[in-house]
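Visitor: Build me a structure from this.
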Amino acid sequence: MGAPNDANACLPPRTDEDLVHDISTGSQEALETLIRRYAPRLGVLMLRIAGRDTNRSDIEEAVADCFVTVWRMAPSFDPKRAPAVAWVMHIAHYRALTLRRTTRRRQLELVGNIDSVIDERESADDGFAEAALERVASKEQLRGLREAFAGLTSQDIRIIRRRFVDQLTAQEIAVELGLSPNSVRVRLSRALARLRRGLAALNGGETGFDGTS
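Guide: Numbers count the residues shown, from 1 in each chain. Here you go, the predicted model:
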C-alpha cells in the first residue's frame with residue numbers, strides 16, 4: 001500500500017477554477033500556482049498588444065498588476081459566466097491596453113521635447129539652441145543628446161518628425177520625399193541608432209523607440 005503522499009501525487013492538478021476559488025479564500029499558494037501557470041502567456045499577450053518597443057520592466061510590472069487584480073477580484077469570479085482562463089486573459093488584455101496608452105504617451109512626450117529642440121536648433125543661434133537643450137536635458141545628459149543631434153542631417157530630422165510626431169508610415173514618408181519605403185526605413189533606423197545614445201539618458205536608459213515600420 002503506497003504512502004499517502006504517493007496517493008496525492010496521483011491526483012490531477014487543480015483546475016484554474018479551483019485555484020481562483022482558493023485565491024478567493026486567501027490562499028497565496030494557489031496564487032503562486034496560477035502565476036507559474038499563466039505569467040509567461042500574459043507576458044506574450046502584453047508584448048503583442050502594448051508593442052515590441054515597450055520596456056521589459058513595464059511588461060513585467062503589468063503582468064504583476066494582473067495577478068494583483070486576480071487576487072483582489074477572485075471573490076467576484078463566477079465560473080458559470082466564463083472559464084477562469086478567459087477571466088484572467090480579459091484582465092490581462094485590459095491591462096495591456098492601458099500599458100499601450102502609457103507607452104505611447106511617454107513616446108509622444110519625449111518626441112515632443114525633441115521636436116521642440118529641433119525647431120529651436122534650426123531657427124536660433126548656437127547660444128539659444130544650447131539653452132533649449134538644457135530645458136529637456138540635465139547637464140549630465142546634455143553631451144549625449146547634443147552628440148546625437150549633431151550626427152543627423154536635415155532629411156534625418158524630417159523623417160523622424162514625420163514618423164513619430166505626424167505618425168506617418170514609411171510608405172507615406174517615402175511618397176512625400178520621393179524615396180523608396182525601404183530607403184526610408186534604412187535612414188530612419190540609422191538615425192534612431194544615433195539618437196538612442198542621447199535619448200537613453202532621458203528615459204532611464206531605455207528609449208522605447210522602434211518606428212521603422
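Visitor: Next, the buried residues of stretch 90-97.
Guide: Residues 91-92, 95-96 are the ones in stretch 90-97 that count as buried (16 or more other CB atoms under 10 Å). The C-beta positions use only the backbone N, C-alpha and C, and glycine is treated the same way.
Visitor: Can you list the buried residues in the helix or strand where I59 lies?
Guide: Per DSSP states H and E: I59 is located in helix 56-73. Across helix 56-73, burial judged by 16+ other CB under 10 Å covers 58-59, 62-63, 66-67, 70-71.
Visitor: Residues contacting that helix, please?
Guide: For helix 56-73, contacts defined as CB atoms under 8 Å, 6 or more residues apart in numbering pick out 20, 23, 31, 34-35, 39, 42-43, 46-47, 50, 88, 91-92, 95-96, 98-99, 102-103, 206.
Visitor: now, which of those residues lie within strands?
Guide: In strands, defined here by DSSP state E, there are no members of those.
Visitor: show me where the chain has helices.
Guide: Under the criterion DSSP state H, the chain carries helices at the ranges 4-9, 16-24, 28-50, 56-73, 84-123, 126-136, 139-150, 154-160, 170-177, 181-202.
Visitor: distance of T98 from M46?
Guide: As for T98, its distance to M46 is 10 Å (criterion: CB to CB, to the nearest Å).
Visitor: Those two: which is more packed in?
Guide: Between T98 and M46, M46 has the larger neighbour count (other CB atoms under 10 Å), namely 24 against 14.
Visitor: For the residue lying closest to T33 once chain neighbours are set aside, give me its contacts.
Guide: Once flanking residues are discounted, T33 sits nearest to L19: 5.7 Å by CB to CB, 6 or more residues apart in numbering. Counting by CB under 8 Å, 6+ apart, L19 touches 30-31, 33-34, 37, 84.
Visitor: Next, K80: phi, psi?
Guide: phi -80, psi -20 (degrees, to the nearest 10).
Visitor: Tell me, how many residues neighbour it?
Guide: Count around K80 with other CB under 10 Å applied: 4.
Visitor: next one: T54
Guide: Using other CB under 10 Å, T54 has 24 other residues around it.
Visitor: D78 versus that one, what's the distance?
Guide: In this view, T54 and D78 are 32 Å apart by CB to CB.
Visitor: One more: R95?
Guide: Distance from R95 to D78, by CB to CB: 20 Å.
Visitor: And for D166?
Guide: 46 Å.
Visitor: just H21 next, same as before
Guide: Counting by CB to CB, the gap from H21 to D78 is 11 Å.
Visitor: of these two, who's got more company?
Guide: H21 (18 against 7).
Visitor: can you pull the contacts of the more buried one?
Guide: H21 neighbours (CB under 8 Å, 6+ apart): 74, 77.
Visitor: W87 too?
Guide: By CB under 8 Å, 6+ apart, W87 lies in contact with 20, 77.
Visitor: Only alpha carbons, please: show stretch 164-176 as CSV.
Guide: Output of stretch 164-176 as CSV, limited to C-alpha atoms (Å, rounded to 0.1, in the frame of the first residue of the first chain):
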residue,chain,number,x,y,z
PHE,A,164,6.9,60.0,-34.7
VAL,A,165,5.3,63.4,-34.5
ASP,A,166,3.0,63.2,-37.5
GLN,A,167,2.6,59.4,-37.3
LEU,A,168,3.2,58.7,-40.9
THR,A,169,4.2,55.2,-42.1
ALA,A,170,7.4,54.5,-44.0
GLN,A,171,5.3,54.2,-47.2
GLU,A,172,3.7,57.6,-46.7
ILE,A,173,7.0,59.2,-45.9
ALA,A,174,8.6,57.6,-49.0
VAL,A,175,5.9,59.1,-51.2
GLU,A,176,6.4,62.6,-49.7
